[in-house]
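Asks: show me how the following folds:
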Amino acid sequence: MSANDAPTPRFIRACSPWLPHNATQPSQEMQLKLRPLADRVIVKRIDSETKTASGIVIPDAAAEKPDQGEVLAVGPGKLDDNGKRIELSIRVGDRVLFGKYSGQTVKVDGDELLVMKEDDLFAVVEK
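Replies: Residues are numbered from 1 along each chain as shown. Below you'll find the predicted structure:
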């Protein structure tokens, strides 16, 4: 097998503009340019209301960071002691609650995202 016959890694195949029309399409994780590992999830904060119930506008500087977000990507799960993968109970698209200072903040293409462990999440908000 020559270098030209070697399979192209999935990330390169998904992001290359010169691929044939039958190449794999990038998943949402590829579009994010982040792929969480083990039991980690990527969450985007959902903006909170900037008005109170009585109509008072809260300036951005005084507003607290929201503690709700939408899950954008989910890792494959953590390995147990026997080497079996434990699947996460969180799914992409879930709306979740988390602590104010949970996770690691990263900026990707101008969006502020959080990378956190599944254990850092408190609950899933049911629709």
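Asks: just the strands in the chain please.
Replies: Listed in chain order, the strands found in the chain under DSSP state E are 40-45, 68-74, 78-79, 85-86, 95-98, 104-108, 111-117, 121-125.
Asks: hey, which of those is tucked in deepest?
Replies: Mean neighbour counts were taken over the strands of the chain using mean count of other CB atoms under 10 Å, and the top value, a mean of 22, falls to strand 40-45. C-beta coordinates here come from the backbone N, C-alpha and C atoms, glycine included.
Asks: related to what we said a few turns ago, select, out of the strands of the chain, the one closest to Ala53.
Replies: With CB to CB as the measure, strand 68-74 is the member of the strands of the chain nearest Ala53 (17.7 Å).
Asks: ok, Gly93 - contacts?
Replies: With contact set as CB atoms under 8 Å, 6 or more residues apart in numbering, Gly93 has these partners: 70-71.
Asks: mean pLDDT and distance to Lys33 added to the strands of the chain, as a markdown table?
Replies: As requested, the strands of the chain are exported to a markdown table (pLDDT from 0 to 100; distance: least, CB to CB, whole Å):
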| stretch | mean pLDDT | distance to Lys33 |
| --- | --- | --- |
| strand 40-45 | 94 | 11 |
| strand 68-74 | 95 | 10 |
| strand 78-79 | 92 | 23 |
| strand 85-86 | 94 | 24 |
| strand 95-98 | 95 | 21 |
| strand 104-108 | 93 | 6 |
| strand 111-117 | 94 | 10 |
| strand 121-125 | 94 | 22 |
